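Trainee: Here you go, sequence then predicted model.
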Number of protein chains: 2
Amino acid sequence: MEYRAKMIAVLLLSAAVANGTESTTQPAGVGAISPSAAVQDEKTGMLWYDAKLLTIEGKGWAETEEFYDRLPPHAQGKVPEHVWNLSKRSAGLAVRFITNSPRIRARWKVGSNLAMPHMPATGVSGLDLYVRWRGKWRWAGMGKPTSENNEAMLVDSAADGRHEYLLYLPLYNKTLSLQIGIPSGYVLTNPGPRAAKPICVYGTSIVQGGCASRPGLAHVAILGRKLDMPTINLGFSGSGKMEPEMAKLLAELDVSAYVLDCLPNMTVEMVRERFEPFVQTLRQARPETPIVLVEHVPHGGEAFLPGRRTNVERMNRTLRLIHRDLQAKGVTGLSYVPYDQLLGTDGEGTVDGVHPNDIGFLRFADAMEPTLRQVVGAGG
Amino acid sequence: MEYRAKMIAVLLLSAAVANGTESTTQPAGVGAISPSAAVQDEKTGMLWYDAKLLTIEGKGWAETEEFYDRLPPHAQGKVPEHVWNLSKRSAGLAVRFITNSPRIRARWKVGSNLAMPHMPATGVSGLDLYVRWRGKWRWAGMGKPTSENNEAMLVDSAADGRHEYLLYLPLYNKTLSLQIGIPSGYVLTNPGPRAAKPICVYGTSIVQGGCASRPGLAHVAILGRKLDMPTINLGFSGSGKMEPEMAKLLAELDVSAYVLDCLPNMTVEMVRERFEPFVQTLRQARPETPIVLVEHVPHGGEAFLPGRRTNVERMNRTLRLIHRDLQAKGVTGLSYVPYDQLLGTDGEGTVDGVHPNDIGFLRFADAMEPTLRQVVGAGG
């Protein structure tokens, strides 16, 4: 519903642009943003635009308590408190914009915990910029956080011309505010939402992006670039536990696919109890939306640590049986991603055995890509 | 000279072990270490052994001001102060040992700066454990630093049997002390140095391992495991500038190959002035030791940022000319690694454009491997 409402708004705005009736100062407007909407820095002449004027991707719900939240206000009190708190970390949110400026700066404000021992501040609290370049999304620059208030040059010498950018927000911190700065004389444009419906990935710390070195290297972000589609990251560190309330929330989203990747936060007993009803809730609300089940990722030391391997195998046997049961009950539109290729086979894909490092995330996205490409019908 | 002296000591000790004349309490002794050399924790019964009792790899010089330093005392005052200070960070140092214990703990003390904004504490100040398993070095566990004094379980359930381990020390912090803890009743053995002479890599922050998520993912460490050889990491962040004094220091080392990878810290003018004399110093001191020249790594955003690309190309044109000149002058034993494959081609191999992330380091090692394998004569 959410998505359709947004698309209707966009289509109306697009029509307004085409008819020349759109006010370019309209805050949520599609098209070139009037410099009068910016705040000019007296010393540098730089024009600072609030990122809210641009297209925000990765928000499943437009109305949220704070702008860069990931769950809607009505989730509060229904989902576990830890999930609610983590929904205020901006994992998977991204700002899409177009500009012809050779220089792009950003100012952003985050919460106080800039980094984790096994994840750098760049991933926890940083900005990460990609550009559409020769048909692909390419890395273009980043904002390195050194305090709660940050300013950084993301790009200082872009290739000539007008380019489309995707700026990923912090994975494990709150984004309290964000402005984009470009020199006066250049145009900042809000491209409006993309036509494709987003892919929604629900899961654990791994889905949230722990421990990517920068936000664009979370596997959900990589998949979004590979498929050239928006994604919604509903990863909740330590808290992807498939409560019935989460199923109802996910069912509110009109998405191109659901990906369920919660096993590392669950016990075998929880999987047996919660997985099937969760899928049934989604299927009843969304009869046609593909649902992708992801096995428990291997442990980084599994070749050498028999205990770790046994636990993962036990979880995945449980999921295979549930998948078979669901199919036997006639639930359609299910896909299944086995664990064995998710991190590669050399043991180098994690930082601590559990959380992928950048190697692991790239492999995770590679392993997921064929299944997702098939279910969303994205071209090769 | 250093290396030969060490090898003679090892051979004498090995002979002593074979003859049954070795005192097992000998601090630097090869073989099983007597539990009497350990400190027992009264509460847990755990035996704590100082890592100095084991085989330390990656030290070019046995005698150093502090035990985990990377340059000898006579370097002080000759090398730039920044190099001297950085030589006290334990990049590339590793402790090799054998044990049959299923559990391995570590206590380690580091300096105060646990992390950098673009590199997590696990890489800057952490421990990283690999095991020789079915013919390959495999990741086994890590120690996550949370303060200057740390204790961690590296492995809690090893596969049965006696295994050889390699424990990498912090890349960007000092290692002030290190103890290995195993339960009483198990044997900790000092294997003694390996037969192969180490590979010495001299360079910048990239060589030092910035910004690997853990010490074992610096490309010098990866190469050491791939070739199954010890390595000496002489990477100095921001300070790999090929001073004549550094050439003299490197020339003291009897190694299987020198790798020179300093361009990102130099200007074209510095490369023109310093590179050739540096190589000549090494070649005169070590007529037979292979010398590998490495081009300037590409910038992570080079596809889109023409200015970054131009700078790298200019540096590499300079190095190609120097390489040709050296060959024309009859300098033999030079190999050359071009830049184009060092980080892959998708732009994902860095955290900030300049410093490899784990993806970049794995690719860097892959790109270096064939040349190094060839020059050191290591089997496939």
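Mentor: In hand now; what should we look at? Numbers count the residues shown, from 1 in each chain, chains lettered A, B, ... in the order given.
Trainee: any idea how chain A splits into domains?
Mentor: A:24-190, A:199-376 (automatic domain parsing).
Trainee: I'd like those domains as TSV, with mean neighbour count appended.
Mentor: C-beta: built from backbone N, CA, C; applies to glycine. Shown next, in TSV, are the domains of chain A (neighbours: other C-beta atoms under 10 Å in any protein chain shown):
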stretch	mean neighbour count
domain A:24-190	20
domain A:199-376	21
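Trainee: Could you export those to a markdown table, including columns for mean pLDDT?
Mentor: Output for these, formatted as a markdown table (pLDDT from 0 to 100):
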| stretch | mean pLDDT |
| --- | --- |
| domain A:24-190 | 96 |
| domain A:199-376 | 97 |
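Trainee: Tell me the secondary structure at the most centrally placed residue in chain A.
Mentor: Nearest to the mean C-alpha position of chain A, counting by C-alpha atoms, centre = their mean, stands residue A:92 at 2.4 Å. Following DSSP: H, G, I helix; E, B strand; the rest coil, the label given to residue A:92 is coil.
Trainee: Tell me which residues touch it, please.
Mentor: Going by C-beta atoms under 8 Å, 6 or more residues apart in numbering or on different chains, residue A:92 touches A:58, A:70, A:168, A:171, A:201, A:208-209, A:218, A:220-221, A:231-235.
Trainee: Then residue A:306?
Mentor: Residue A:306 neighbours (C-beta under 8 Å, 6+ apart): B:157, B:159.
Trainee: cool, and residue A:265?
Mentor: A:203-205, A:238-241.
Trainee: Which members of the residues you listed are positioned in strands?
Mentor: In strands, judged by DSSP state E, the following of those are found: residue A:203.
Trainee: Closest to chain B out of the contacts of residue A:265?
Mentor: Nearest to chain B among these, counting by C-beta to the nearest C-beta, is residue A:205 at 14.4 Å.
Trainee: That closest one and residue A:237 touch, don't they?
Mentor: Yes - contact between residue A:205 and residue A:237 holds when scored by C-beta atoms under 8 Å: they sit 3.7 Å apart.
Trainee: separation between the closest residue to residue A:103 other than its chain neighbours and residue A:167?
Mentor: Among residues not flanking residue A:103 along the chain, residue A:156 sits closest, at 5.5 Å (C-beta to C-beta, 6 or more residues apart in numbering or on different chains). The gap separating residue A:156 from residue A:167 is 15 Å, by C-beta to C-beta, to the nearest Å.
Trainee: now swap in residue A:78 and tell me
Mentor: Taken as C-beta to C-beta, the span from residue A:78 to residue A:167 is 31 Å.
Trainee: just residue A:236 next, same as before
Mentor: Taken as C-beta to C-beta, the span from residue A:236 to residue A:167 is 23 Å.
Trainee: Next: residue A:252.
Mentor: 26 Å.
Trainee: between the contacts of residue A:92, which is closest to chain B?
Mentor: residue A:221 (10.9 Å).
Trainee: Can you give the contact residues for the helix or strand containing the closest one?
Mentor: Residue A:221 is part of helix A:219-227 when elements are defined by DSSP states H and E. With contact meaning C-beta under 8 Å, 6+ apart, helix A:219-227 is reached by A:57, A:92, A:94, A:130, A:136-137, A:166, A:168, A:199, A:201, A:206-207, A:209, A:215-216, A:230-231, A:233, A:235, A:356, A:361-362, A:364-365, A:368-369, A:372-373, A:376, A:378.
Trainee: same thing but at 6 Å, please
Mentor: A:92, A:137, A:168, A:201, A:231, A:233, A:361, A:364-365, A:368-369, A:378 (C-beta atoms under 6 Å, 6 or more residues apart in numbering or on different chains).
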